[in-house]
Every structure is written in C-alpha cells, then in structure tokens.
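K.L.:
This is a predicted model, with the sequence first.
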Amino acid sequence: MSPPASRLRQTQPYMRHLERVANAALARAGHARLVDGLDIDPMGVMQAALLHDVLEDTPRSTADLRAAGFTPEVIEAVGILTKPKERTAYSERITQVIAAGSLPAILIKMSDNEDNLCPSRILPDATFLRERYATAFARLKEAAAALGYTGR
C-alpha cells in the first residue's frame, strides 16, 4: 500500500503505520468503553483501524470483507473512512467522517491523523500537511467529545 499523501515519508513498511493507528485506536476505544462507559467494541475498532485503507489502496471490496467474516460494524467503519472515488478536499472528507456519527470511525481517523503528524512520517517542508492533520485532529476530537468520549 502507498502512503496517503506524497509528502509523507516511507521509512518503514506501510504496515507499521497501520499497526500504530490500530494500537492508538484500540487504546482510545478502550478508554471510551471503560472510562466513558460507551457502547463500543475495542477489538472491532482495532480491526477496522488495520483495514482503514484497504478499500482505497487494494482491489478488495466490502463484499470481500464480509466473506472474510468481518462484522457489519467493522465494515461500516472502514467504509466511512474510505476516500470517495471523486476528488474531495481533505476538510470535506473529515466533515463526512464526523457527519456519519460513528465513534469508531472518528477514533480511528484521530489515530490516523496523529500518526501522520509524527515527525518520522512527515517531511520537514510539509507545513501544509502538518496544519491539515492538526486541524482535522482538533475537529475529530471535538466530534468524539460530543459523542461522550473524554480521552485524548
């Protein structure tokens, strides 16, 4: 799989990004369930986080995910996180994720943005990407809070 933006560094296998996103999303979902008392399945969130780019970066479809035994909730979150086929501004994609009202998808996208902000992933001259991801993270965190999430 390729990185989601050309100004991101590919210093490690892309799978490492998916693992970091999944681990962060799992921690957030665990907080949502255990601390906030929200009805969320941390393991399902982790699965969706590992798959969050699969529909846009591979020939796989939602039917393939169903056939592989993933739950409807996991498939729904992956679908929400998948880039639309038509070119869409990043801020609009974040608006669409928020509008879907899916806490799992929001927590995964927060984790994705957080990882994309990591200095080891973003090129030093990519100020616009840092601003884009930081702004999106703040919007997603606010949306998660509106759904009852109190974590970072």
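P.N.:
Nice, I can see it. Numbers count the residues shown, from 1 in each chain.
K.L.:
Now do the same for the closest residue to Ala22 other than its chain neighbours: helix, strand or coil?
P.N.:
The shortest distance from Ala22 to any residue that is not its chain neighbour, by C-beta to C-beta, 6 or more residues apart in numbering, is 4.0 Å, and that residue is Ala49. Heads up, the C-betas are built off the backbone N, CA and C, glycines and all. Local secondary structure at Ala49 is given as helix here, using DSSP: H, G, I helix; E, B strand; the rest coil.
K.L.:
Ala49: neighbour count?
P.N.:
Neighbouring residues of Ala49 were enumerated by other C-beta atoms under 10 Å; the total is 31.
K.L.:
right, and it touches Glu19 too?
P.N.:
No. Under the contact definition of C-beta atoms under 8 Å, Ala49 does not touch Glu19, with a separation of 9.1 Å.
K.L.:
Give the residue farthest from the middle of this protein.
P.N.:
If you look at how far each residue of the chain sits from its centre, by C-alpha atoms, centre = their mean, the farthest one is Asp125, at 23.8 Å.
K.L.:
So for that residue, what pLDDT did the model give?
P.N.:
At Asp125 the predicted local distance difference test score is 76.
K.L.:
Would you mind measuring from the nearest residue to Ile80 once chain neighbours are set aside to Asp57?
P.N.:
On the basis of C-beta to C-beta, 6+ apart, the spatially nearest residue to Ile80 that is not a chain neighbour turns out to be Ala105, at 4.1 Å. Distance of Ala105 to Asp57, computed by C-beta to C-beta, to the nearest Å: 17 Å.
K.L.:
Of those two, which one has the most company?
P.N.:
Using other C-beta under 10 Å, the more surrounded residue of Ala105 and Asp57 is Ala105, with 26 against 15.
K.L.:
The helix or strand hosting the more buried one packs against which elements?
P.N.:
Secondary structure assigned from DSSP states H and E places Ala105 in helix 103-116. The elements that helix 103-116 packs onto, with contact taken as 3 or more C-beta pairs under 8 Å, 6 or more residues apart in numbering; DSSP states H and E, are helix 14-34, helix 42-50, helix 72-81, helix 90-100, helix 127-146.
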